[in-house]
Every structure is written in C-alpha cells, then in structure tokens.
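K.L.:
Here is the input, now give the coordinates:
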Amino acid sequence: MDNQISKALLRKKFSDFKSPIKPDWIKVSIPSNKISQTKNTLKENKIVTVCEEAMCPNLSECWEKKHATVMILGDVCTRSCSFCNIKTGKPNKVDILEPARVASTVKSLGLKHVVVTSVDRDDLNDGGAQHFANTIKKIKEKSPNTTVEILTPDFRGKDSSLGIIAKTEIDVFNHNLETIKRLYKEVRPGAGYHHSLKILREIKLLKPSIFTKSGIMIGLGEKFDEIRVLMDDLREQDVDFITIGQYLRPTLNHHPVIKYHNPDYFIRIQNEALNKGFKIVSSSPFTRSSYHAESDFNKLKHLHSGA
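P.N.:
Below is the predicted model:
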C-alpha cells in the first residue's frame, strides 16, 4: 500500500491528496508576549530564522527561552523539497555583513549554545561553506564560550565545502537525512540519500572531535523496518545523535501527511535507536532538529567526558 501511495504521489499534484485529521496530541502552543524580546532582537539585527520560515511548531516555547535557529544565506532556497515551507527561487547575493549581525544577536540574547543553518545555495561555488565559516568566526570572536551547532545543506557537487567547515570551531555538525531512502524522489528531489550519509562520514573523519547529528520526519509513508535500516546506515557513519519528529504539512501544495503517529510509537523508535548505539535520541511528535539543542548537547558532553 505504501509503495502504491508513493507512486501515485509522483504522478499527481500533492494538492490532490488529503491528509488525515490531526489527532489530539498534535497541538501547537499559542505564542505568548514573552517571545517579544527575542523577536525584537532578531528583527533589529535583520536575522532570518528557520523557526519562522519553516513554521516550526515549537517557536513559542523556544523563543520564550531565548532560543532560536539562525538561518543564514537568505530566505530563498535553490531546491524544492516537498516537505519544506521555505521559498524556492533565485537567491539574492550573499550578505557579507550578515556574520557580524548574527554574532551581535547571539551576544545580545546571551546564547550559550547557538544553532546556525541555511537554505541550499547550489548557485555558490562552495554551497555557502565559507559564509558558514565567517559566521562561526564572528560568533566566537564576540562570544568565545558559546558552543556552535550547524545544520548544513548537502553541499552536493561542492568538493571543497567540508574542508572549509572542518577548519571552523564547531561543536556539532548536523545534516538531516529527512526521510528513508525509498521516499527521496518525492520528498527530497535534488538530494541523494547516500550522498548525505557520505558527508556525515567525511566530516567525522576530517574533524573527529565533533559530535554528528541527523534527523528524520515520520508520517510520510515510511515503514518501521525502513526506519531501522536508516538508523543502521547512520550508525555506520558513527553518527552520535538522532532526532525523530512527526511531519506536519505546511500547505496543501506540500507532501501530504500519510499518518499521524501516536506518542507511544515515538517511544518505540527511541528505544530502538538507543539499542542501536546512538548516544542521544530525541523522539516525539514535535521534535525538530534544533529542539532542546542546548540541553541535548550538554548531555552529549557529559556522556563523552564520562566515557
């Protein structure tokens, strides 16, 4: 049945497919006035966040705690993944002043741990790797004790990119597989499952001191056994940390939700991942790549220091 749905999705428009009704456990918090300080600081520094662009369900909770995932290199992506709400098109020129603004924002918010991500920039020779490096350098100059986690695109066809990233002062390298291998054509067109595994392996070889991390969404039509295979593939690349969350459809033009999984299913996946050797597993309906990133990083550090 899942294969039949998958083939049908490739033939038709996503808008032709309805998603099931959201269950009671899928409830998004209403933003409170406590997020205003974070919002104002981001706005003053002209900082784009994936929290807003990707319509993250955890925005209110994170911004209340002054946590935000900074998105560099603009808000227009050169890819068109069927799950993502970020705009697709021709990006603007790289803003060379952005790294300094990001660093000022990190200092103003007093962040002890920051997550930096970006859109795909296939138009750039290095995929934006040097801009990542410049941003990390500026953050460390203003906030030397702040730990840095980056969530990168796949830098496909950009052979020099990982070398540039490996020379930076990062603590966590995150690159999301997003989904199982079978669903790549409909979920991540333009990306490659094995290529994403390759960069997770190569960054660990280039910079053995860092933690590596990857994440997936479920509810797109995958099977439990396929998730298990994906976990095995990640562990073969020595990935330390996996995140698993429920896919939520941004609009009717995006990939439909095939199934809403109950919280017990996420616990089952978490137990499976821990048994496979992941050091940290975050698995719940609202888990996203940078959800509780600071506390999870501290857990990783503690486990590593006690090893």
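K.L.:
Count the neighbours of Ser15 for me.
P.N.:
11 (other C-beta atoms under 10 Å). Where you see a C-beta, it was placed from the backbone N, CA and C, and this is true even at glycine.
K.L.:
Can you classify it as helix, strand or coil?
P.N.:
Ser15 falls in the helix class when you classify it by DSSP: H, G, I helix; E, B strand; the rest coil.
K.L.:
need the contact list for it.
P.N.:
252-253 (C-beta atoms under 8 Å, 6 or more residues apart in numbering).
K.L.:
What segments of the stretch 101-250 of the chain are helices?
P.N.:
Applying DSSP state H, counting those that start in this stretch to the stretch 101-250 of the chain gives helices spanning 129-142, 161-166, 184-187, 193-206, 224-236.
K.L.:
What residues of the second one count as buried?
P.N.:
Using 16 or more other C-beta atoms under 10 Å as the test for burial, helix 161-166 gives 161-162, 164-166.
K.L.:
longest single strand anywhere in this structure?
P.N.:
In the chain, assigned by DSSP state E, the strand with the most residues is strand 211-218.
K.L.:
Buried residues in whatever helix or strand Tyr265 lives in, which are they?
P.N.:
Assigned by DSSP states H and E, Tyr265 belongs to helix 263-275. Using 16+ other C-beta under 10 Å as the test for burial, helix 263-275 gives 265-266, 269-270, 272-273.
K.L.:
and what of stretch 101-114?
P.N.:
So for stretch 101-114, counting by 16+ other C-beta under 10 Å, buried means 101-106, 108-109, 111, 113-114.
K.L.:
before we move on, what about stretch 294-306?
P.N.:
294, 296-297, 300.
K.L.:
Looking at the residues you listed, which are in helices?
P.N.:
Of the buried residues of stretch 294-306, the ones assigned to helices by DSSP state H are 294, 296-297, 300.
K.L.:
Do I have it right that Asp238 meets Glu202?
P.N.:
No. Using C-beta atoms under 8 Å, Asp238 makes no contact with Glu202, being 11.1 Å away.
K.L.:
The closest residue to Lys87 other than its chain neighbours: neighbour count?
P.N.:
Excluding its sequence neighbours, the residue lying closest to Lys87 (C-beta to C-beta, 6 or more residues apart in numbering) is Val76, at 4.9 Å. Val76: 16 surrounding residues under other C-beta under 10 Å.
K.L.:
Run through the residues that contact Val76.
P.N.:
Contacts of Val76 (C-beta under 8 Å, 6+ apart): 86-92, 119.
K.L.:
Run through the strands of this protein in chain order.
P.N.:
69-72, 76-77, 87-88, 113-118, 147-151, 172-174, 211-218, 241-246, 280-283.
K.L.:
nearest to Asp232, of these?
P.N.:
strand 241-246 (11.5 Å; C-beta to C-beta).
K.L.:
hang on, the earlier thing: among the ones in helices among the buried residues of stretch 294-306, which one lies nearest to Leu248?
P.N.:
The nearest one, if we look at those relative to Leu248 and count by C-beta to C-beta, is Asp296, at 21.0 Å.
K.L.:
Serialize the buried residues of stretch 294-306 to JSON lines and add fields for distance to Ile26 and pLDDT.
P.N.:
Shown next, in JSON lines, are these (distance: C-beta to C-beta, whole Å; pLDDT from 0 to 100):
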{"residue": "Glu294", "distance to Ile26": "25", "pLDDT": "70"}
{"residue": "Asp296", "distance to Ile26": "22", "pLDDT": "76"}
{"residue": "Phe297", "distance to Ile26": "27", "pLDDT": "72"}
{"residue": "Leu300", "distance to Ile26": "28", "pLDDT": "73"}
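K.L.:
closest to Val281 among those?
P.N.:
Using C-beta to C-beta, these come closest to Val281 at Asp296, 9.4 Å.
K.L.:
dump the residue contacts of the closest residue to that closest one other than its chain neighbours.
P.N.:
Nearest residue to Asp296, sequence neighbours excluded (C-beta to C-beta, 6+ apart): Ile280, at 5.3 Å. Ile280 sits next to 240-242, 296, 299-300, 303 when contact means C-beta under 8 Å, 6+ apart.
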